[in-house]
Structure formats: C-alpha cells, structure tokens
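> sequence and computational prediction follow.
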Amino acid sequence: MHMNPKFFNFKPLQGLVLLCFLLFSFNSFAQEEEKVEEKKEKVTKLDLKSASEQFNKYRRSSLHTMLLVDEGVPRKELVLEAFDSAPFPDKYNDHTVDGKHIPVVVPLRDTSDLFKRNDMDFSKDIEAYFAKNKTANKLVAKWFCRDENGAFNMSLIQERGFYDASVLDVSSAQATGRGTASLADAGEDLIANTFVVVNFSSFVSNEPYARIIKEKAYSLADKFGEEIGKTMKEAADSLYSQGKDGYSIWTTAYLYELVWDDYTSAVFYKNLWVSPSKMDSSRVAAFDTTDVFKLKLLGFEKSRALITGLGDNAASEEMIIKNATIKSIDAGYAKLQKKFERFRSKSVLFSVEPLAAKIGMKEGVEKNDKFEVLEQVIDKDGKMTYKKLTVIKVEKDHIWDNRYRADEGRPEEAEPAEIKLDENGNPIIVEVEEVEEWTTFKGKTKDLYPGLLIRQIK
C-alpha cells in the first residue's frame, strides 16, 4: 500500500490535535457503547431488599394512634383487643407514646340512643385527655429522645431526616444563622408532620336496622297487590332473617396535628432545651408543665363495617368481629388521607413495567384515582423537596385487595411479602418469598424509574 508522504508532513502541534481528536472519538464511541449496555440493564422493578431500602429514603409523616374506649359498649373487650393487635399503618413512622386508650362513658337511655351514639362529637373529651396527660409534650419528648433525667438529643431527627449530625448541633446552631435555619428545616419537615388519630368504635345490633327495612318493605308491598306483595314480603323476611343476628361497627376517626410553628420552636430551643452536658433542673420542670405544645383538630371521618351470618362458633364470631373492627379503622385512615392533603402518605413506585405500587384497598384506592409521581430533590442548603414528574391513574381492574385478612381462608404464612417497620419507623426486611401483589396504573413511563414516590391527589 502506497502512502502519500504529504500525509505525514504536518507540524507537531497539528499532530497533537489529530491525536486528541482520535482519542476523543474513541472515548465517545466507548461511552456510547456503555450507554447502550446501561440501557439494556435498566431496572424496571425493585426486589424486596431494594424496595425496603428505598422505602426508608424519604421523610414520612409520624403517627400516634389512640382508641376512645366507650365503657358501656357491647363487646368492648373485643374492640380493645382488635385495636391493640392491629398492624400499624406502614406508610407512617410509628411515633407511639404511652397512653393509647381514652376512657369515656356514653349514657344510654333506650335503644334509639344506639343510633345517636354514632353522631356524637367526642372532640372535647379527647382534648381534655390530651391536656391532662400532656400528650403533645410526650410527642415532642419522643422526637428529641428525652432521657430519664430530662436531657434531649437529636438522634431520632437525624435518623428520620437523613441529616448530618453536625447540621443539627443545637449549641452551634444557636450561634450561627444557618444552623438555626437547619433546625427550622428539620422541624418543618419532620416534627410539624406529626399526627394523632383517635378512633371511636362502637357496635350496633343489626336487628333494629333490619326491622326498619322490613317494616318499610311491608308498607311498600301492600301497594302492589296481593301476589306481588306476597313475594316482596317473603324477600323482606329473608333479608331480615339473614341480617338481624349481626352487628354494624361504626368508627369515627379524629385527626389531630402537632402544632410546631416558629413560635413553638423558638420557645423550645430558647427556654426548654436541656443538653446532656449541661443539666438544668428548672428547664426540666418547665418542660413537664408547659402548655406551649398543642394538638390541633383537623377534622374527622366516619366509616362502617357490616358483620352478618354469625354462627354458633364463639371463636369464629370473635375473629370476624375483630377483623371487621380493624377494617373499619383502616377505612377511617384512608378517608382521612383523601380529605386532608397534609395527612396523605407517600408510597414507593415499585415497578415501571408494569407501572405498579404496593398499595391497595386498605389505603382506599379506587378505580381512576390519580397519583402524582414525585422525585426527591436536595437543594443547595441541603433541604429535601419533591419535584412532580407526572400524574398516573389507577387501572380499574388491577386494584390489590390488601385489606386486613381479606381472604379469611388464607394461612398467615402465605401472606404476601411486605415491608414492616420497627418502633422507630425503620424497615425490617422479612426474608419470605415475594408474591406479585400490587395495584397497577396507567400513564406515561418515560423518565420514570422504580423507587420514585407517589402520592394521591384529588
């Protein structure tokens, strides 16, 4: 092969430029090859361990659950047992403090009061209990890991908020403007999103309801002639017979929010903070007695679960009543989330092929519900925000029925794999076989990836 000598007749600088060009072209080609390989290996679904890790990488709201205990309600012991054994709502950090039962006496005069009981407002009773027992103080104390001597530390806030320990040093923060802002960020993102849900559940016999329906059906039947009327009455008798032996469980869920604003935060850090290295008995006493911490009522929601077809087996009857109680309480949480935006929880987008998340009927998911897809973004000051990427819609035929023991015949060991949390809200990875049970969505999947967050919108 003959080469033109003029090809090699260039200045050294020109040769260096040519060499750099060739190297750049080669590297670009290699990078394109790597991108192709990366594209081939795109993750479309999280495994259980990855889902658990991702589940803990965003700042969830914190929740304390309570039960308003009606001392005169039938089967009270079953309500208490069902509530105490119910799974904690796993989309929230468990912020339980002592005192989960609020006793209340509801006077009954006659059978009609059973209906009125469900329309009574118990918010004053609840708030009187909060004030007497310093419930808001206890919630704040847990946030700051108050020890038996009354000293505080920031370890729980650091853990749940993914902060560097130096950022939350209270002594340093009080000496610097940015440090104080960091504490404000922590309060805004975490402490201000602390909620208390107080459930009031009562049993009402189905018989009065069934009797009223039967009597109205009889009255209507008399207007349709003897033959049709007889058929209608027989149907009414059958329905009455099927429904009269059961119960209806009525649950009212009251939603309270811990007030953590600039004023509350300033009073706490300035007048009530106690450092382990600098104990102050007067501040310890002041925290115990202060009324600066408060719980504000946001509203309430009602739900009902119907129990029919109870047999002679007492154990079976108790299990059915307990399950219905828990389902009624779960329904209350779901309604509160739909009504109050601040209380809405986020969930991890588990898969993009299909577009799916491990939420379902227990969370109140219904066909055509819309969810926004969010990406976590850290700004220049280290504060976490959420960027909305798109909106997806629930597919009507693919909603997961994950209600508490929805399949009564299913053994416990066959329950689907799920992410469980310890008392501090950290995930516990359960090594069980993963079952593909989830709710699927429809929407554009471009630029979406497993591990993003979704939150319901109206």
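Thanks, I have the structure now. Numbering: from 1, shown residues only.
> below-threshold pLDDT in the stretch 51-200 of the chain: ranges please.
Applying pLDDT under 70 to the stretch 51-200 of the chain flags residues 51-58, 74, 107-118, 162-186.
> could you redo the last one with a cut-off of 50?
For the stretch 51-200 of the chain, the stretches with pLDDT under 50 are 52, 55, 109-111, 175-179.
> can you map out the helices along it?
76-85, 113-116, 123-133, 135-143, 155-161, 170-173, 177-189 (DSSP state H, counting those that start in this stretch).
> what about residue 231, which helix or strand?
Element membership for residue 231 (DSSP states H and E) is helix 225-243.
> quick one: the next helix or strand after that helix to helix 76-85, angle?
Beyond helix 225-243 on the C-terminal side, the first helix or strand identified by DSSP H and E is strand 247-258. Put simply, strand 247-258 runs at 50 degrees to helix 76-85, going by axes from the mean of the first three to the mean of the last three Cα atoms, to 10 degrees.
> what about strand 247-258, average pLDDT?
The average pLDDT for strand 247-258 rounds to 89.
> what do you get for stretch 446-457?
For stretch 446-457, the mean confidence score works out to 90.
> what's the end-to-end length of it?
With Cα to Cα, to the nearest Å as the measure, the ends of stretch 446-457 fall 21 Å from one another.
> mind listing what's buried in it?
If you call a residue buried by 16 or more other Cβ atoms under 10 Å, then stretch 446-457 has these buried ones: 448, 450, 451, 452, 453, 454, 455, 456. For every residue, glycine as well, the C-beta is placed using N, CA and C.
> of those residues, which is the nearest to residue 320?
Taking Cβ to Cβ as the measure, residue 320 sits nearest to residue 456 out of the buried residues of stretch 446-457, at 30.0 Å.
> quick one: the closest one is in a strand?
Yes: looking at residue 456 with DSSP: H, G, I helix; E, B strand; the rest coil, it is inside a strand.
> could you list the domains of this protein?
43-58+345-458, 61-209+247-343 (automatic domain parsing).
> rebuild those as CSV, extending it with distance to residue 230.
Output for the domains of the chain, formatted as CSV (distance: least, Cβ to Cβ, whole Å):
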stretch, distance to residue 230
domain 43-58+345-458, 37
domain 61-209+247-343, 24
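> out of these, nearest to residue 222?
domain 61-209+247-343 (21.4 Å).
> sorry, back to before: what are the contacting residues of the helix holding residue 231?
Applying Cβ atoms under 8 Å, 6 or more residues apart in numbering, the external contacts of helix 225-243 come out as 206, 209-211, 213-214, 217-218, 220-224, 308-309.
> swap the cut-off to 6 Å and go again
206, 210, 214, 217, 218, 221, 222, 308 (Cβ atoms under 6 Å, 6 or more residues apart in numbering).
> and those residues, which two are furthest apart?
222 and 308 (27.1 Å).
> these two: who's more crowded?
Neighbour tally, residue 222 and residue 308, criterion other Cβ atoms under 10 Å: the higher count belongs to residue 308, 14 against 11.
> residue contacts, the closest residue to residue 96 other than its chain neighbours?
Nearest residue to residue 96, sequence neighbours excluded (Cβ to Cβ, 6 or more residues apart in numbering): residue 64, at 5.5 Å. The contact partners of residue 64, taken as Cβ under 6 Å, 6+ apart, are 95, 96, 97, 196.
> state the distance from residue 70 to residue 330.
20 Å (Cβ to Cβ, to the nearest Å).
> oh, I was asking about residue 129
24 Å.
> how many neighbours does residue 227 have?
Count around residue 227 with other Cβ under 10 Å applied: 8.
> just the contacts of helix 225-243 now: which is nearest residue 288?
residue 206 (47.7 Å).
> show the model's pLDDT score for the closest one.
On the pLDDT scale, residue 206 gets 73.
> what does residue 398 give?
On the pLDDT scale, residue 398 gets 87.
> what residues are bridge-paired with residue 442?
Listed by DSSP bridges, the beta-bridge partners for residue 442 are residue 393.
> same check, this time on residue 275
Residue 275 forms beta bridges with residue 278, as assigned by DSSP bridges.
> hang on, the earlier thing: now the contacts of residue 64 in JSON lines, with neighbour count and distance to residue 359?
Below are the contacts of residue 64 laid out as JSON lines (neighbours: other Cβ atoms under 10 Å; distance: Cβ to Cβ, whole Å):
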{"residue": "95", "neighbour count": "23", "distance to residue 359": "21"}
{"residue": "96", "neighbour count": "16", "distance to residue 359": "22"}
{"residue": "97", "neighbour count": "18", "distance to residue 359": "27"}
{"residue": "196", "neighbour count": "23", "distance to residue 359": "23"}
